[in-house]
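# Predicted model follows, preceded by the sequence.
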Amino acid sequence: MTDLVLVLGVLAAAAVGLWAWRRWQPVSFWYGVGFPARAVLVYLTWHHVASGCRLTRNRRRFRLTLDAIPVVGPASRSAATVVEQKRRVRRVDVERSPRLGVLRPTRLGWRMRVRLHDGQVPADYEKAAEGVAHAWRVHSVRVVDVRPGFVTLWATMRDPLVDVVAEPETGELLRVRPGKLENGRDWVIDFRTVPHWINAGATQSGKSNLANALIKGLAPQPVALVGFDLKGGVEFTPYAPRLSALATTRKESVDLLADLVGEVENRMALCRAHGARNVWTLAEPLRPVPVVVLVDEVAELFLIADKSEKDQVARTATALLRLAQLGRAFAVYLVVCGQRIGSDLGPGVTALRAQLSGRVCHRVNDPETANMTLGDLDPAALDAARAIPAETPGVCVVAGQDGSWHRARSVNVPESAAEQAAHDYAHLTPDWDALTGSVPTARPAA
């Protein structure tokens, strides 16, 4: 009896210790206990999981078997039957699972490389990913790396986008940290790496929240912010103290775009005069101020109410396309936002989309907007965007110019926080007339 009590006491103490370890030191508990236990489970169940998800292949093998052959004597058929053992080589089908590599732990799960069977393609594993996730009782399994003959599967124990906490900004020029990626890393938008972005999303999907995060992150930096808000200025007017220029009507938009194109041409001439390929190779005293252009509801720039606006729309589309084509080299960057982005808005939208290599797709109301935003990337990204539930505002699919994509979520940035940042850093706002060096044609921000 004493021994039993002692054993129960030791087990209870061990359970409490493990609970406390997991509660107060979750990272070390995962690497020390959680991951090794999961690794054993994965290796032991991999064959059954692969078979259930139809990832196995039958391969023929030759096996040596012993067959029992009854032999009856011709003279005495009533005598006992003689059994003769005869060796035979038979060809049998053996079910083989894909070869699993070494599991490598991550903070949220693990990665593992799988060797493909002959005839298999990565799409087979993308289709089976949901089944594998259910079999291992994890949040998700994704194909994250493809090499000839191999795929890398990334298993995530929990959804890291449920609670996203704000992190301090990077402090680097033209870099903003709006939230988190699904792999637990910071989501960083670097305009010098990916200069132009599409930000698509329905109402209450997080599109405006991302714009607030960009304004708040860029406000303390030595950059010029320019806004286009054809919804009467209701979105960007509160941030006017930090905006160098703001267009709220179709005519103001045409004039402001003309100023921006003229500024790009001036910077082009400056680089040519000093033998520089872009503004970043100029000497620092000669380097012009970077300009970030924020366009709210791009559909309003392309919609035609009557024939009198047809010429303005054509000029708008041409100017935006020129900025997208030339802006990167001359430090003029675009962030184009919209609830509806479709080819039916005009040919200029499709041409503009091709120049915007950065893509952010929140929950959208129609499949065409998701196709316009992510359709030329991995089809799995399109499926992930369509699966974003309405009750998770801020969740989106982010894709850069390298073709990789991630689920991400922006930190909640209230309008009041962005407005406060605009007022706090209003003294950093470059004067639009001095910046462009020309007679003003667009209304400066108030």
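Perfect, thanks for sending it.
# What residues sit buried inside the host helix or strand of Ala20?
Secondary structure assigned from DSSP states H and E places Ala20 in helix 2-24. Of the residues in helix 2-24, none count as buried by neighbour count, 16 or more other C-beta atoms under 10 Å. Where C-beta positions appear, they are placed from N, C-alpha and C, glycine not excepted.
# any idea how far it is from the chain center?
For helix 2-24, the separation from the chain centroid amounts to 43 Å (computed by C-alpha atoms, centre = their mean, to the nearest Å).
# Need the contact partners of that helix.
Helix 2-24 has contacts (C-beta atoms under 8 Å, 6 or more residues apart in numbering) with 28-29, 32-34.
# which is the next helix or strand following that helix?
Next in sequence after helix 2-24, counting helices and strands by DSSP H and E, comes helix 26-29.
# what comes into contact with stretch 198-207?
210-211, 335-339, 341, 353, 356, 358-365, 369-370, 372-373, 388, 390, 393-396, 409-410.
# do the same with stretch 180-192
With contact meaning C-beta under 8 Å, 6+ apart, stretch 180-192 is reached by 106-108, 154, 156, 159-161, 164, 167, 170, 172-179, 197, 214, 280, 290, 292, 333, 358, 398, 406-411.
# so of those, which ones are in helices?
The helices in this structure, assigned by DSSP state H, contain Leu214 from those.
# Turn the contacts of helix 2-24 into JSON lines, including pLDDT, distance to Ala128 and neighbour count.
Listed next are the contacts of helix 2-24 as JSON lines, based on pLDDT from 0 to 100; distance: C-beta to C-beta, whole Å; neighbours: other C-beta atoms under 10 Å:
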{"residue": "Ser28", "pLDDT": "85", "distance to Ala128": "33", "neighbour count": "12"}
{"residue": "Phe29", "pLDDT": "82", "distance to Ala128": "30", "neighbour count": "17"}
{"residue": "Gly32", "pLDDT": "85", "distance to Ala128": "30", "neighbour count": "11"}
{"residue": "Val33", "pLDDT": "86", "distance to Ala128": "28", "neighbour count": "13"}
{"residue": "Gly34", "pLDDT": "87", "distance to Ala128": "24", "neighbour count": "17"}
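# Sketch out the low-pLDDT regions of the stretch 101-250 of the chain for me.
166, 168, 170 (pLDDT under 70).
# Which residue ranges of it form helices?
Remark: helices assigned in the stretch 101-250 of the chain by DSSP state H, counting those that start in this stretch are 122-136, 207-218, 250-273.
# could the ones you listed be laid out in JSON lines, adding mean neighbour count?
Listed next are the helices of the stretch 101-250 of the chain as JSON lines, based on neighbours: other C-beta atoms under 10 Å:
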{"stretch": "helix 122-136", "mean neighbour count": "17"}
{"stretch": "helix 207-218", "mean neighbour count": "25"}
{"stretch": "helix 250-273", "mean neighbour count": "18"}
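# quick one: which of those is nearest Val144?
The closest of these to Val144 is helix 122-136. By C-beta to C-beta, the value is 10.4 Å.
# so how far is the closest one from its chain's centroid?
19 Å.
# same question, stretch 279-287
Relative to its parent chain, stretch 279-287 has a centroid offset of 33 Å by C-alpha atoms, centre = their mean.
# What's the mean pLDDT across that stretch?
For stretch 279-287, mean pLDDT is 91.
# got the buried residues for that stretch?
Neighbour counts over stretch 279-287 (16+ other C-beta under 10 Å) mark 279, 282 as buried.
# residues making contact with it?
Stretch 279-287 has contacts (C-beta under 8 Å, 6+ apart) with 192, 267, 270-271, 274, 276, 288, 329-331.
# What strand or helix carries Val360?
With DSSP H and E as the test, Val360 turns up in strand 358-361.
# as a whole number, average confidence for that strand?
Regarding strand 358-361, the rounded mean pLDDT is 92.
# So which elements touch that strand?
On a contact count with 3 or more C-beta pairs under 8 Å, 6 or more residues apart in numbering; DSSP states H and E, strand 358-361 meets strand 197-200, helix 367-374, strand 395-399.
# Tell me which of the ones you listed is the most buried.
Compared across the helices and strands packed on strand 358-361, strand 395-399 shows the largest average neighbour count, a mean of 27 (mean count of other C-beta atoms under 10 Å).
# about what we covered before: mind putting the contacts of stretch 279-287 in TSV, distance to Leu6 included?
Below are these laid out as TSV (distance: C-beta to C-beta, whole Å):
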residue	distance to Leu6
Arg192	65
Arg267	80
Leu270	83
Cys271	81
His274	83
Ala276	79
Pro288	78
Ala329	76
Phe330	77
Ala331	73
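# buried subset of these?
Using 16+ other C-beta under 10 Å as the burial test, the contacts of stretch 279-287 include 267, 270-271, 276, 288, 329-331 as buried.
# Distance to Val146 added to those residues, as a markdown table?
Shown next, in a markdown table, are these (distance: C-beta to C-beta, whole Å):
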| residue | distance to Val146 |
| --- | --- |
| Arg267 | 40 |
| Leu270 | 43 |
| Cys271 | 39 |
| Ala276 | 39 |
| Pro288 | 41 |
| Ala329 | 32 |
| Phe330 | 36 |
| Ala331 | 35 |
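# ok, so of the residues you listed, who is nearest Lys310?
When the buried ones among the contacts of stretch 279-287 are compared for distance to Lys310 (C-beta to C-beta), Phe330 comes out closest, at 29.4 Å.
# follow-up on the earlier one: now the helices and strands packed on strand 358-361 as JSON lines including distance to Asp255?
Below are the helices and strands packed on strand 358-361 laid out as JSON lines (distance: least, C-beta to C-beta, whole Å):
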{"stretch": "strand 197-200", "distance to Asp255": "24"}
{"stretch": "helix 367-374", "distance to Asp255": "28"}
{"stretch": "strand 395-399", "distance to Asp255": "33"}
